[in-house]
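Q: sequence and predicted structure below; questions after.
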Amino acid sequence: MPSSNKAFILLAHGLLLAALPAQKGDAPATTDKPAKVEKVAEWPTLADTDKDRVRALIGQFRKPDAALHDPAKKALTELGAGAVPILLLETSDRPDNLNRPIFDVLDNVIGPQHAALVAREIKKPRVEVRRYLTIRMCRFVDPELLPVLQATMKDKDESTAFHAALGALALKDKGALAPVMAYTKSHWQEVQAIITEVLPAARSLDTGTWVFEAIGKAPVPDQANGLRLARYLATKDQAGSVRPYLDATDHTVKKEAVNAMRVLHDEAPIENMPVFQVIEMAKAWAKKV
């Protein structure tokens with residue numbers, strides 16, 4: 001066959017393959033990297049009149065009429081990140097604090113570009129502020145924040161220390177696994193949402209292996225807890241490491257093994273399952289692996 005014909009056939013074959021839809025589980029065809037976030041060095045400076053307006057708007061949160069709160073949040077959000085230093089000063093650990101609406105505004109105006117500025121504020125004496133800022137840093141999954149998160153893992157506030165560890169684990173810090181496992185063992189319901197949001201960033205053969213090594217000879221409650229984390233840290237290729245737990249005699253371990261299998265295969269976990277359903281689903285997954 002003439003070389004020109006061969007070249008034409010190869011080109012046509014390549015075009016045909018490119019036109020076929022990607023199969024489920026295939027890596028994305030694009031090699032584009034996420035756009036790099038340009039970090040800012042300082043909070044924007046507000047004019048004195050705008051600073052006064054920020055304080056006046058915060059005062060709206062003290063009024064019992066809830067109808068005044070949303071307009072104040074909107075106005076503060078429009079003033080932007082320059083309002084952050086004042087907003088942080090208005091937080092408190094007192095029972096009669098205005099933290100919730102203030103944090104709602106901060107959620108709107110603080111972004112990944114402010115990561116270094118958030119880290120700078122992390123040593124504030126107020127527990128509520130440290131806890132909030134640590135949760136924000138955790139969600140950024142920013143490698144530059146790892147030293148700050150590691151240091152914050154020693155915070156005296158248990159929740160703050162946990163979220164710092166979670167953020168570090170999301171950045172593949174093996175030393176953060178143990179404190180995350182310890183906290184989630186008794187706080188799973190309250191932290192499940194942020195774990196589901198943050199931990200998949202660390203999913204890899206390494207992080208999955210860390211979990212399976214940690215629970216291999218652990219007590220039953222720790223095995224169940226570790227399998228919950230394996231949902232988001234292990235890879236589909238590690239489903240075989242989940243397989244033995246499908247045969248567990250303990251119902252909770254068996255259920256968490258089923259849920260780990262479901263999430264690893266792109267299915268949602270089922271948190272509340274009757275015993276008979278767990279048994280049947282465990283059998284079904286055991287046949288697939």
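A: The structure has been received and is ready for your questions.

Q: show me the strands in the chain, by range?
A: Under the criterion DSSP state E, strands are not mapped anywhere in the chain.

Q: quick one, longest helix in it?
A: Ordering each helix of the chain by length in residues (DSSP state H) puts helix 177-198 first.

Q: skipping adjacent residues, who's closest to the spatially most central residue of the chain in space?
A: Nearest to the mean C-alpha position of the chain, by C-alpha atoms, centre = their mean, lies residue 198 at 1.4 Å. Using C-beta to C-beta, 6 or more residues apart in numbering and skipping the chain neighbours, the partner closest in space to residue 198 is residue 170 (4.7 Å). Glycine gets a C-beta too; all of them are placed from N, C-alpha and C.

Q: who's in contact with that neighbour?
A: For residue 170, the contacting residues are 138, 141, 198-199, 201-202, by C-beta atoms under 8 Å, 6 or more residues apart in numbering.

Q: okay, now the closest residue to residue 257 other than its chain neighbours: neighbour count?
A: Distances taken as C-beta to C-beta, 6+ apart place residue 245 nearest to residue 257, at 3.6 Å, with adjacent residues excluded. Residue 245 is flanked by 24 other residues according to other C-beta atoms under 10 Å.

Q: so who does residue 245 touch?
A: 223, 227, 253-254, 256-257, 260.

Q: show the pLDDT at it.
A: At residue 245, the model reports a pLDDT of 98.

Q: residue 224 now?
A: pLDDT recorded at residue 224 is 97.

Q: now the contacts of residue 245 as JSON lines including neighbour count and distance to residue 233?
A: Output for the contacts of residue 245, formatted as JSON lines (neighbours: other C-beta atoms under 10 Å; distance: C-beta to C-beta, whole Å):
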{"residue": "223", "neighbour count": "20", "distance to residue 233": "15"}
{"residue": "227", "neighbour count": "27", "distance to residue 233": "10"}
{"residue": "253", "neighbour count": "25", "distance to residue 233": "17"}
{"residue": "254", "neighbour count": "22", "distance to residue 233": "20"}
{"residue": "256", "neighbour count": "25", "distance to residue 233": "13"}
{"residue": "257", "neighbour count": "26", "distance to residue 233": "15"}
{"residue": "260", "neighbour count": "28", "distance to residue 233": "10"}
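
Q: export those as CSV, with columns for distance to residue 73.
A: Listed next are the contacts of residue 245 as CSV, based on distance: C-beta to C-beta, whole Å:
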residue, distance to residue 73
223, 44
227, 40
253, 45
254, 46
256, 39
257, 44
260, 39
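
Q: those in helices, which ones?
A: The helices, defined by DSSP H, take in 223, 227, 253-254, 256-257, 260 from the contacts of residue 245.

Q: shouldn't residue 86 be in contact with residue 53?
A: No - between residue 86 and residue 53 there is no contact under C-beta atoms under 8 Å: 10.0 Å.

Q: so how far is the first residue of stretch 107-127 from its last?
A: Terminal residues of stretch 107-127 are spaced 18 Å apart (C-alpha to C-alpha, to the nearest Å).

Q: for stretch 264-275, same thing?
A: 22 Å.

Q: how about stretch 137-152?
A: Stretch 137-152 has an end-to-end distance of 11 Å (C-alpha to C-alpha).

Q: residues making contact with it?
A: Residues outside stretch 137-152 that contact it (C-beta under 8 Å, 6+ apart): 112, 115-116, 118-119, 122, 130, 134, 160-161, 163-168, 170-171, 173, 175-176, 194, 197-198, 201.

Q: for this protein, what helix or strand is lowest in average pLDDT?
A: Every helix and strand in the chain was compared by mean pLDDT, DSSP states H and E; the lowest is helix 3-19, with a mean of 38.

Q: hang on, the earlier thing: just the C-alphas of the longest helix of the chain, formatted as CSV.
A: In CSV, the C-alpha atoms belonging to helix 177-198 read as follows (Å, rounded to 0.1, in the frame of the first residue of the first chain):
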residue,chain,number,x,y,z
LEU,A,177,-4.7,11.1,59.5
ALA,A,178,-4.6,10.0,63.1
PRO,A,179,-6.2,13.2,64.6
VAL,A,180,-8.8,13.2,61.8
MET,A,181,-9.7,9.6,62.6
ALA,A,182,-9.8,10.3,66.3
TYR,A,183,-12.2,13.3,65.9
THR,A,184,-14.5,11.8,63.3
LYS,A,185,-15.0,8.7,65.4
SER,A,186,-17.3,10.7,67.7
HIS,A,187,-18.3,13.6,65.5
TRP,A,188,-19.1,12.0,62.1
GLN,A,189,-22.5,13.5,61.7
GLU,A,190,-21.4,17.1,62.2
VAL,A,191,-18.3,16.9,60.0
GLN,A,192,-19.4,14.6,57.3
ALA,A,193,-20.4,17.4,54.9
ILE,A,194,-17.0,19.1,55.0
ILE,A,195,-15.2,15.8,54.8
THR,A,196,-17.1,15.0,51.7
GLU,A,197,-16.2,18.4,50.3
VAL,A,198,-12.5,18.5,51.2
